[in-house]
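> just a sequence and a predicted model for now, questions to come.
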Amino acid sequence: MANHVEIVEPVGLIELVKHLEQVTSAQQQQQYNSSSGMSFTTGLLLGQLSVVLLVIVCFKYLLLEDVRYGRKPRSFSNRGVSIPAPPTKPSLPSTTTILNKTFYDVYDHTPESLDWMTVLMAQAIAQYRDDSKVNNRLIKALAEALNGGVRPDWVGHIRVTELNLGEDFPVLSRARIRPADQPAGSVRAEIDIDFNDQIMLGIETSLLINWPRPRIAALPVSLVLSVVKFQATITMQFNTIDGQQHISISTLPDFDLEFGVQSLLGARTKLEDVPKVTDLITSKLRGFFIDKCVYPNGRDIAMPTFWAKRDIYAKSQSSNNIGKEQ
């Protein structure tokens, strides 16, 4: 049997060798690309990590200190650096500056109408009148105030029998800015007020006779007091009292205040509207109003401040620190 030997042509062998070389070259190129990509990523991560570590080391050794070692605070004076002065409170602009910037002449400016304020105040008064009628809350409050610690021992228990806050409203007009008497260079607002109505308060009590022994007798007294007319000029002025800004409200001396007094004295025999009693009560009421409300007297109202809580907290902290040092 004859043996057949397959003869490989040289051309086919050459192509096979070239194909193997191409496959080997592609594998080597893929391995090279993969290794170069991994080396780039590794280098980037190592670079970022080294920068972060450098920042942490600088922050720790340059800005922080070890709490285990109590170092004394360094004084600026030892380093030749002057300590800045504490901030001072800026001064308020002068009255002349304010008037110039607001274009207001205190001598020639025409008085302004306050119709808008009259309407707003009338609405507020109407609301208060309506609220006072709920459960007689205002009568109860007045009774508690009249029977408080200010009642003299020769006056018996006071009972409020009548309370009427009126039906009309005060009218404000002629608002103007005028120079104030004191302090020098200051100004004040002046507003005219006109009120004609009847605000009535009725009370019943007894005058106690305490001699020769306490409460030996009592004189029943029934009074109805009313304010029928009030015309005046009200002034408002800013003042500084104990370092805090206040608004002072008072009435000029040329006011007109009229009272009405109805009285009834006695138990079995009653005396009605005794002139001496009317004059006595009227003079006492006018004297009280002059002492409390007529210029140079008046009512000082503290102006609210946005920094009140912060100032109170700072003062409390300062006092606590002083107490600890002592």
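That came in fine, so what should we check first? No experiment lies behind these values; they were computed from the predicted model shown.

> now do the contacts for the closest residue to Asp256 other than its chain neighbours.
Distances taken as Cβ to Cβ, 6 or more residues apart in numbering place Gln231 nearest to Asp256, at 4.3 Å, with adjacent residues excluded. All C-beta atoms are positioned from the backbone trio N, CA, C, and that covers glycine. By Cβ atoms under 8 Å, 6 or more residues apart in numbering, Gln231 lies in contact with 192-195, 255-256.

> out of the residues you listed, which is nearest to Leu146?
Phe195 (23.7 Å; Cβ to Cβ).

> phi, psi for that closest one please.
Dihedral angles of Phe195 (phi, psi; degrees, to the nearest 10) stand at phi -140, psi 120.

> was I right to think it contacts Val228?
No: with contact defined as Cβ atoms under 8 Å, Phe195 does not count as touching Val228 (9.4 Å).

> roughly how far out does the helix or strand encompassing Gln123 sit from the chain middle?
Taking DSSP states H and E as the definition, Gln123 sits inside helix 115-132. Counting by Cα atoms, centre = their mean, to the nearest Å, helix 115-132 is centred 23 Å from the centre of its parent chain.

> who has more neighbours, Phe195 and Val228?
Shown here are Phe195 and Val228; by other Cβ atoms under 10 Å, Phe195 has more neighbours (18 against 15).

> quickly run through the sheet partners of the strand ranked longest in the chain, with directions.
If you go by DSSP state E, the chain has its longest strand at strand 217-241. Using DSSP bridges, strand 217-241 pairs in its sheet with strand 187-209 (antiparallel), strand 244-251 (antiparallel), strand 256-265 (antiparallel).

> now mean pLDDT and distance to Val106 too, for those strands, in CSV please.
Shown next, in CSV, are the strands paired with strand 217-241 (pLDDT from 0 to 100; distance: least, Cβ to Cβ, whole Å):
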stretch, mean pLDDT, distance to Val106
strand 187-209, 91, 6
strand 244-251, 90, 18
strand 256-265, 92, 26
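
> can you put those in JSON lines and add distance to Val221?
Converted to JSON lines, the strands paired with strand 217-241 look like this (distance: least, Cβ to Cβ, whole Å):
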{"stretch": "strand 187-209", "distance to Val221": "5"}
{"stretch": "strand 244-251", "distance to Val221": "30"}
{"stretch": "strand 256-265", "distance to Val221": "6"}
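
> between these, which one is closest to Lys292.
Of those, nearest to Lys292 by Cβ to Cβ is strand 244-251, at 9.3 Å.

> pull out the buried residues from stretch 137-150.
138-139, 142-143, 146-147 (16 or more other Cβ atoms under 10 Å).

> show me where the chain has strands.
Counting by DSSP E, the strands of the chain are 159-164, 171-179, 187-209, 217-241, 244-251, 256-265, 271-272, 299-302.

> with distance to Lys133 added, can I get these in TSV?
Listed next are the strands of the chain as TSV, based on distance: least, Cβ to Cβ, whole Å:
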stretch	distance to Lys133
strand 159-164	9
strand 171-179	24
strand 187-209	14
strand 217-241	18
strand 244-251	28
strand 256-265	22
strand 271-272	29
strand 299-302	27
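
> what's in contact with stretch 239-254?
Here stretch 239-254 has contacts from 190, 232-238, 293-303, 305, using Cβ under 8 Å, 6+ apart.

> just give me how far it sits from the chain centre.
Distance of stretch 239-254 from the chain centroid (Cα atoms, centre = their mean) equals 19 Å.

> list the buried residues for that stretch?
239, 246, 248-251.

> tell me the one of those residues nearest Leu45?
His246 (68.8 Å).

> report the beta-bridge partners for the closest one.
Asn239, Ala302.

> quick revisit: strand 159-164 and the longest strand of the chain, what's the angle between them?
Between strand 217-241 and strand 159-164, the angle comes out at 50 degrees (axes from the mean of the first three to the mean of the last three Cα atoms, to 10 degrees).

> where in the stretch 1-150 of the chain is pLDDT low?
1-14, 16-17, 19-21, 23-40, 61-92 (pLDDT under 70).

> returning to what we had before: using JSON lines, lay out the buried residues of stretch 137-150 together with distance to Met117.
Shown next, in JSON lines, are the buried residues of stretch 137-150 (distance: Cβ to Cβ, whole Å):
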{"residue": "Leu138", "distance to Met117": "24"}
{"residue": "Ile139", "distance to Met117": "29"}
{"residue": "Leu142", "distance to Met117": "28"}
{"residue": "Ala143", "distance to Met117": "33"}
{"residue": "Leu146", "distance to Met117": "32"}
{"residue": "Asn147", "distance to Met117": "36"}
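
> which members of the residues you listed occur in helices, if any?
138-139, 142-143, 146 (DSSP state H).

> neighbouring contacts of the helix holding Gln123?
Residues contacting helix 115-132 (Cβ under 8 Å, 6+ apart): 137-138, 163, 165-166, 169-173.
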